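Novice: The amino acid sequence is not available; the structure is as follows:
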């Protein structure tokens, strides 16, 4: 069996041209993750550059309004660049620098991973190129300019469905063209080994902090953890340190788009089947001949036809649950959190908030849940206005 | 001697690639028959994939034309059944691991044996993952072709040791597509292979002109040409057959 397996999932299904690059990456990661200087530098960047630890905020109004479980929000939206993506990028770019790479490339959907990569590349003096689907450069136009402002070159991807999947394709193609001086900063817990492990480890700071913060505030572990899942990096980061705590329910919220019984959906766990794509064996939205299906979500960051291999395994094991949340539900939750707590969440994170609204009232008042607020919603404001019939353009 | 060994037994091999179903399966059928008659030693037939990450623009476009034209794995097998009634040219499938895995690897390889597919080339299945397909390839006597790349270095020995049929030498970095300059360490790569194993080596990626092909066969056993042919198909559409045949004749002559 090959490396990097989670049950039957994972693996290294990539062209031969890239094999030595991922082997070199694995060796470097295995070395530096235990290197005291690397750990200290990353800790310092997390604290003094990204603003960690992020707050665990007790959402008093929401708790009262829903009348059930006590709700905490893990405020990844307060990180520098406005989302959890910076956690992974700081780690990977620092690693790339240690490996002697001078250039980083990355895919982006909503633009949050692209912005984080451009930011850290600027900080560390690396050349940076970002690939983004044309549909996403249109709906997240401000993020494109933001990346350019940070010194990155943004490539608009016009192949295929012109979204996140195609941005990944194009970044992989670029990596096979130029691998010697270039590191591919993969943005989620997906792709070929060792990416799912590296990204999960760098994101696991979220769950580590939550555990400590809950013990400080409540003296016990939460009953439910909720996070949105596209590729699944903020969810994996939240869940990872709780996998062995069998009493903690882990719930991933997928983007159902118009609904899982329509063709306009991106809920991979709900409608997908096992396949092999983008370097990994996992669940994918596809047809009977293995053609990857076009998917849809209002959220550019969740608009992806696959899911990380560790999530696929957690689902098969019954350790985590994955539930679909529609565009409508997510938009309502987006507006709800803005009004009730004065916090505008990313439309991705709003999928988790939406599901919390469904289950919190059914839970008892002595139960507690933590929702990962993976990003802030500034980037989505114009799109939500348009969804509600407004004519606001960035 | 099996059919794949015969490909390289009588001199340098010319291996044209086309995407099945581009622009239609009827044209693909004619192209296979006519390219075989024009001297193609092995035909590499692409099963189109929605997300061909190892391909450049030309073959990406061919795949999407084929898929929007309605080509499916089952229809391609049916077409091969028709071809095999009149033509025994060696044929290799080129596709990605997902169309095989999702079809059901056992059933896929069984069909390959039935319609006389001699080999499969799967660019996103490196040495480390070959057990995904290899047991089924062995069961149904289909060669799983190994690829080596300019970055393979020390891996070449390991890959060559377990290779069967022939080795596909990726000439250059990056994806498929016509190039003015072909990578300059192909010769060295092939030398490393031959030190380990006496197995034919065919060079692909970037080759389009007779001069490039002639240069490559100075140190290899054959050349694979894809994007250049696919571009002819794109340019002439349903009328492409005579143009492709002319090109195949020219290339075949260049490597004699």
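Specialist: Structure's in. What do you need? Note that the structure is a prediction, hence the values are computed from the model and not measured. Numbering: from 1, shown residues only, chains lettered A, B, ... in the order given.
Novice: count of neighbours near residue B:151?
Specialist: Number of residues near residue B:151 (other CB atoms under 10 Å in any protein chain shown) recorded here: 18. The way it works is simple: take the backbone N, C-alpha and C, and place the C-beta from them, glycine included.
Novice: give me every residue that touches residue 67.
Specialist: If you meant another chain, say so; for now it's chain A. A:360-361, A:365 (CB atoms under 8 Å, 6 or more residues apart in numbering or on different chains).
Novice: try chain B instead
Specialist: A:291, B:21, B:48, B:50.
Novice: So what does the closest residue to the first one other than its chain neighbours have for phi and psi?
Specialist: What sits nearest to residue A:291 in space, not counting adjacent residues and going by CB to CB, 6 or more residues apart in numbering or on different chains, is residue B:50, at 4.3 Å. Summarising the backbone geometry of residue B:50 under the convention degrees, to the nearest 10, its torsions are phi -60, psi -30.
Novice: what does the stretch 101-250 of chain A put close to chain B?
Specialist: By CB under 8 Å from any CB of the partner chain, the residues of the stretch 101-250 of chain A that approach chain B are A:159-160, A:165-166, A:169, A:172-173, A:176-179.
Novice: Farthest-apart pair in those, please.
Specialist: A:160 and A:179 (22.7 Å; CB to CB).
Novice: Comparing those two, which shows the higher neighbour count?
Specialist: Taking other CB under 10 Å, residue A:160 and residue A:179 do not tie; residue A:179 has more neighbours (22 against 19).
Novice: Can you check my assumption that the more buried one lies in a helix?
Specialist: No - counting by DSSP: H, G, I helix; E, B strand; the rest coil, residue A:179 falls outside a helix, being coil.
Novice: For whichever residue of the stretch 151-256 of chain B sits closest to chain A, which non-adjacent residue is closest in space?
Specialist: Residue of the stretch 151-256 of chain B nearest chain A, by CB to the nearest CB: residue B:174 (3.7 Å). Excluding its sequence neighbours, the residue lying closest to residue B:174 (CB to CB, 6+ apart) is residue A:177, at 3.7 Å.
Novice: So for the residue nearest to residue A:291, what's the pLDDT?
Specialist: pLDDT recorded at residue B:50 is 97.
Novice: from what I can see it touches residue B:68, true?
Specialist: No - between residue B:50 and residue B:68 there is no contact under CB atoms under 8 Å: 10.6 Å.
Novice: In terms of neighbours, single out the busier of these two.
Specialist: Between residue B:50 and residue B:68, counted using other CB under 10 Å, the more crowded position is residue B:50 (24 against 11).
Novice: count of neighbours near residue A:279?
Specialist: Residue A:279 has 28 nearby residues by other CB under 10 Å.
Novice: I figured it hits residue A:195, correct?
Specialist: Yes - the pair residue A:279 / residue A:195 is scored as a contact, 7.4 Å apart, by CB under 8 Å.
Novice: just to confirm, which helix or strand has residue A:142 in it?
Specialist: helix A:141-149 (DSSP states H and E).
Novice: List the buried residues in the helix or strand just after that helix.
Specialist: Using DSSP H and E, the helix or strand that follows helix A:141-149 in sequence is strand A:153-157. Buried positions in strand A:153-157, judged by neighbour count with 16 or more other CB atoms under 10 Å in any protein chain shown: A:154-157.
Novice: As JSON lines, those with pLDDT would be great.
Specialist: As requested, the buried residues of strand A:153-157 are exported to JSON lines (pLDDT from 0 to 100):
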{"residue": "A:154", "pLDDT": "98"}
{"residue": "A:155", "pLDDT": "98"}
{"residue": "A:156", "pLDDT": "97"}
{"residue": "A:157", "pLDDT": "96"}
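Novice: List the buried residues for the helix holding residue A:142?
Specialist: A:143-144, A:146-147.
Novice: any idea which of the residues you listed is least confident?
Specialist: When these are compared on pLDDT, residue A:143 comes out lowest, with 90.
Novice: any idea how far it lies from chain B?
Specialist: Here the criterion is CB to the nearest CB, to the nearest Å. By it, residue A:143 lies 24 Å from chain B.
Novice: how far away is the residue nearest to that residue when sequence neighbours are not counted from chain B?
Specialist: Closest residue in space to residue A:143, ignoring its immediate chain neighbours: residue A:111 at 2.8 Å, by CB to CB, 6+ apart. Noted for residue A:111: a distance of 21 Å to chain B, by CB to the nearest CB.
Novice: Name the residue closest to the centre of chain A, please.
Specialist: Closest residue to the average C-alpha location of chain A: residue A:233 at 3.8 Å, with CA atoms, centre = their mean.
Novice: Verify the stated contact: that one with residue A:187.
Specialist: Yes - with contact defined as CB under 8 Å, residue A:233 counts as touching residue A:187 (7.0 Å).
Novice: overlap in contacts of those two?
Specialist: A:85, A:88, A:199.
Novice: Describe which strands the lengthiest strand in chain A pairs with in its sheet and in which direction.
Specialist: Using DSSP state E to assign secondary structure, the strand with the most residues in chain A is strand A:249-257. Note on strand A:249-257: by DSSP bridges, its sheet partners are strand A:224-229 (parallel), strand A:320-326 (parallel).
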